[in-house]
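> fold the following.
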Amino acid sequence: MSEKISKRTTIIFDEKDREFLDNLIKENKEQGIKSFISKMFDVYRSMAIYDWKYPGEYYSGISRVAFIHQELLNILFELIPKEKRRETGRKVGEALRTSITASQNIDIKKREKWPDMLKHLRILGYGVLLLKDNMIIARNPFISDVEPLQGLLEGVFDVNLKAKTNVSPIIFEII
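A predicted model of the protein is given here:
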């Protein structure tokens with residue numbers, strides 16, 4: 001049986017980066033250098049930063065991704081008639097599902113894969129999304145309007161949802 005051997009690496013930070021990291025640690029925003037570097041690797045892998053094309057182009061699988069202000073997205077949803085917001089959200093969710101399933105190989109037909117999809121949505125900035133029993137809980141969601149968020153999640157998971165709350169945390173029951 002072969003034993004894994006840890007390798008030691010020395011990282012030399014420039015003065016400004018080291019001051020920044022020391023301040024994060026001092027302010028208890030980071031535990032230490034090792035945990036900080038581990039988080040950075042996790043972000044690097046999760047967001048596939050190695051696929052970014054500087055400046056300003058980022059692709060997640062087949063889809064180009066852009067950073068957008070939450071207020072701008074909410075304005076766009078406000079311009080959609082209220083009775084069409086859920087349907088619009090559903091179409092957005094279906095497109096999102098196609099993109100994520102193709103790039104991340106997540107089969108949402110298998111419910112045990114739903115946490116993987118929710119994690120990826122979190123990585124993309126949609127908020128903290130959790131699956132608990134027969135509920136999807138959206139804490140601090142990027143889309144604050146319940147109807148388009150409900151539609152988006154219905155489109156992503158190909159289910160029907162019933163909103164149980166209207167403010168964060170928004171709780172949806174899977175029907």
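> which segments of the chain make up each domain?
Domain ranges of the chain: 15-64, 69-174, per automatic domain parsing.
> and the ones you listed: which comes nearest residue 7?
Relative to residue 7, the nearest member of these by C-beta to C-beta is domain 15-64, separated by 13.4 Å. All C-beta spots, glycine's among them, are computed from the backbone N, C-alpha and C.
> between the two ends of the closest one, how far is it?
The straight-line separation of the ends of domain 15-64 (C-alpha to C-alpha, to the nearest Å) is 35 Å.
> report the rounded mean pLDDT for that domain.
Confidence over domain 15-64, taken as the mean pLDDT, stands at 81.
> ok so, going back, mind putting the domains of the chain into TSV with mean neighbour count and distance to residue 3?
Formatted as TSV, the domains of the chain follow (neighbours: other C-beta atoms under 10 Å; distance: least, C-beta to C-beta, whole Å):
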stretch	mean neighbour count	distance to residue 3
domain 15-64	12	21
domain 69-174	16	31
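> now these as JSON lines including distance to residue 8?
Output for the domains of the chain, formatted as JSON lines (distance: least, C-beta to C-beta, whole Å):
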{"stretch": "domain 15-64", "distance to residue 8": "11"}
{"stretch": "domain 69-174", "distance to residue 8": "30"}
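> among these, which comes closest to residue 4?
domain 15-64 (16.4 Å).
> so what's the gap between the closest one and the chain middle?
Relative to its chain's centre, domain 15-64 lies at 15 Å (C-alpha atoms, centre = their mean, to the nearest Å).
> residue contacts, residue 139?
Shown in contact with residue 139 (C-beta atoms under 8 Å, 6 or more residues apart in numbering): 127-130, 168-169.
> try it again with 7 Å
Going by C-beta atoms under 7 Å, 6 or more residues apart in numbering, residue 139 touches 127-128, 168-169.
> sounds good, over and out.
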